[in-house]
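1. Let's see this in three dimensions:
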Amino acid sequence: MAETSPEFSPEFRDQLTQLMQWRRDVRRFCTDPVDEALLTECLDAILLAPSVGLSEPWRVVRVQSDAARTAALENFKAANARALEGYAGDRATIYAGLKLSGMSDAPVQLAIYCDETTDKGQQLGATTMPEMRRYSVVAAITQFWLTARTHGLGVGWVSILDPKQLNRDLKTPENWALVAYLCVGWPETTSNTPELINAGWENRRGTLPVRSV
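-> Residues are numbered from 1 along each chain as shown. As a prediction, this is how the structure comes out:
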């Protein structure tokens, strides 16, 4: 039996646009805890995400212990110091002033992995483009992120890390590839302007570049 697709009102579409505008990469968190039921509700949005061949390759690691969090934070600090060495002059000054991680304060921290060798999906769509599994994980992260934002939660994606070292510290399977390290919690402040714009690092494009062939 065919299912009837819901009709989405102009008001809903406007709110969806606002949600995407207010989805910010949060770096400054309050230390207040996040209710477990609320976190579960947000994580359940991952189950609705599309995936190549319905492979559902996402794997979530909750980073909770002091040892694991300390290792992850030290990993970031070392990688951040190396990254700073790649800049000079005014750009180095701006970089040094950026807050690029909320790992010291965020009450919830998640390492999101892609299972590169999952049998689920029977390799459909991933034989010629195996990276599609990782793209599927990114789609799942986006759905989690937007859902968290609807509840007022902030999410920050930490990409300045040594993934191999983090994998060793978290003792993850060898066939898992790190896609994201997420900090989650209640933001200190909210804004619909990216922090990197406010810091003078970069600006958004005014138009979408589209090439016709």
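2. Name the residues of stretch 197-205 that are buried.
-> For stretch 197-205, the neighbour count (16 or more other C-beta atoms under 10 Å) marks no residue as buried. Yep, even glycine has a C-beta here, placed from its N, CA and C like the rest.
3. And stretch 141-155, by the same measure?
-> Counting neighbours by 16+ other C-beta under 10 Å, one finds that the buried residues in stretch 141-155 are I141, Q143, F144, W145, L146, T147, A148, R149, L153, G154, V155.
4. mind checking how far D66 is from L100?
-> In this structure, D66 and L100 are 22 Å apart, going by C-beta to C-beta, to the nearest Å.
5. Could you dump the buried residues of stretch 141-155 into CSV and include pLDDT?
-> What follows is the buried residues of stretch 141-155, written out as CSV (pLDDT from 0 to 100):
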residue, pLDDT
I141, 98
Q143, 97
F144, 98
W145, 98
L146, 98
T147, 98
A148, 98
R149, 98
L153, 98
G154, 97
V155, 98
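6. can you give me the helices in this structure?
-> Here the chain has its helices, by DSSP state H, at 10-21, 36-44, 66-84, 89-97, 132-150, 163-170, 195-198.
7. Check those helices for me and report the most buried one.
-> Highest mean neighbour count of the helices of the chain: helix 132-150, a mean of 20 (counted as mean count of other C-beta atoms under 10 Å).
8. C-alpha coordinates for that helix, PDB please?
-> In PDB, the C-alpha atoms belonging to helix 132-150 read as follows (Å, rounded to 0.1, in the frame of the first residue of the first chain):
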ATOM      1  CA  MET A 132      30.300   6.500   0.100                       C
ATOM      2  CA  ARG A 133      30.200   4.700   3.500                       C
ATOM      3  CA  ARG A 134      32.000   7.700   5.100                       C
ATOM      4  CA  TYR A 135      29.700  10.100   3.300                       C
ATOM      5  CA  SER A 136      26.800   8.200   4.800                       C
ATOM      6  CA  VAL A 137      28.200   8.700   8.300                       C
ATOM      7  CA  VAL A 138      28.500  12.400   7.600                       C
ATOM      8  CA  ALA A 139      24.800  12.500   6.600                       C
ATOM      9  CA  ALA A 140      24.000  10.700   9.900                       C
ATOM     10  CA  ILE A 141      26.000  13.300  11.900                       C
ATOM     11  CA  THR A 142      24.100  16.100  10.200                       C
ATOM     12  CA  GLN A 143      20.800  14.600  11.200                       C
ATOM     13  CA  PHE A 144      22.000  14.200  14.800                       C
ATOM     14  CA  TRP A 145      23.300  17.800  14.800                       C
ATOM     15  CA  LEU A 146      20.100  19.400  13.500                       C
ATOM     16  CA  THR A 147      18.000  17.400  16.000                       C
ATOM     17  CA  ALA A 148      20.300  18.500  18.800                       C
ATOM     18  CA  ARG A 149      19.900  22.100  17.800                       C
ATOM     19  CA  THR A 150      16.100  21.800  17.900                       C
END
